[in-house]
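*Asks:* Below: sequence and its predicted model.
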Amino acid sequence: MEYYDGETYTGHWKNDLRDGEGILKDKTGKVLYAGQWKNHWPMKNGEKDEEH
């Protein structure tokens, strides 16, 4: 899924929400978050880029 700001999400979905394993990247391909999602929100056990 590519968003209007150029960010992309690749991973699992449930009821049209990010849910399960997934990766969110910015428009340059830098990983913003990689890990578990629940109801469209990242869970604490993933890896985040601390700049965002």
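*Replies:* Ah, there it is.
*Asks:* Let me know the pLDDT of the residue lying closest to Met43 once chain neighbours are set aside.
*Replies:* Of all residues not flanking Met43 in the chain, Gln36 sits nearest, at 4.2 Å (C-beta to C-beta, 6 or more residues apart in numbering). For the C-beta atoms, the positions are set from N, CA and C on the backbone; glycine is no exception. pLDDT recorded at Gln36 is 95.
*Asks:* SS state for Gln36?
*Replies:* Counting by DSSP: H, G, I helix; E, B strand; the rest coil, the backbone at Gln36 sits in strand.
*Asks:* His12 against Trp37, yeah?
*Replies:* Yes: in this structure, His12 is within contact of Trp37 by C-beta atoms under 8 Å, at 7.5 Å.
*Asks:* joint contacts of these two?
*Replies:* Arg18, Asp19, Gly20, Glu21, Gly22 (C-beta atoms under 8 Å, 6 or more residues apart in numbering).
*Asks:* Look up which residues are beta-bridged to the residue nearest to Met43.
*Replies:* Listed by DSSP bridges, the beta-bridge partners for Gln36 are Glu21.
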